[in-house]
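[1] Sequence first, then the predicted structure:
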Amino acid sequence: MKVAIASDHGGTNIREEIKQLMDELKIEYIDMGCECGSGSVDYPDYAFPVANMVANGEVDRGILICGTGIGMSISANKVKGIRCALAHDTFSAKATREHNDTNVLAMGERVIGPGLAREIAHIWLTTEFTAGRHAVRIGKIADYEEKHL
Ligand code: RB5
């Protein structure tokens, strides 16, 4: 699996924590910024490149961190083919892989600490999609995208 990861200035500590986790799990990743010391940056400038890399198959998954995770998740979900989950608990992290086959995870560094973020990312990165009835529902989202976006 290959992952693209990015954060704005509000998510750099968790980004470093998740990169360390992926090193330990031997998961290949591309760090898409932001650069340390770049000051205040705009989260869409980081969410769209990562979401596009996932959508066009350059990477398998994306992880986005900002202050709340909300701006990143709103932005990523604008990209066709992206199913981004904002998850701040381990139950949601597991369920959103099993049920929603989410391909992008968003988290907020002003909401949770690095320890919980690591657990959430670990579960999200290692949980498989259950498919079955859930695949039908994902298909309905894809159909909507084809017809309306
Ligand atoms: C930046 O101050 C903050 O707005 C951003 O990190 C994020 O929380 C937006 O959703």
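    Looks like it arrived, so ask away. Only a predicted model underlies this, so the values are computations on that prediction, with no experimental measurement involved.
[2] Mind telling me which residue is nearest the centre of this protein?
    Per CA atoms, centre = their mean, the C-alpha nearest to the average position across the chain is that of residue 105, at 2.3 Å.
[3] Doesn't it belong to a helix?
    No. Counting by DSSP: H, G, I helix; E, B strand; the rest coil, residue 105 is not found in a helix; it is strand.
[4] what's the helix or strand for residue 52?
    Using DSSP states H and E, residue 52 sits within helix 44-55.
[5] the inter-axis angle of the helix or strand just after that helix versus helix 44-55?
    Counting by DSSP H and E, the next helix or strand C-terminal to helix 44-55 is strand 61-66. Interaxial angle, strand 61-66 versus helix 44-55 (axes from the mean of the first three to the mean of the last three CA atoms, to 10 degrees): 170 degrees.
[6] Go through the helix or strand following strand 61-66 and flag the buried ones.
    On the C-terminal side of strand 61-66, the nearest following helix or strand under DSSP H and E is helix 70-76. Neighbour counts using 16 or more other CB atoms under 10 Å place 71, 72, 73, 75, 76 of helix 70-76 among the buried residues. For glycine as for every other residue, the C-beta is placed from the backbone atoms N, C-alpha and C.
[7] With that, I have no additional questions.
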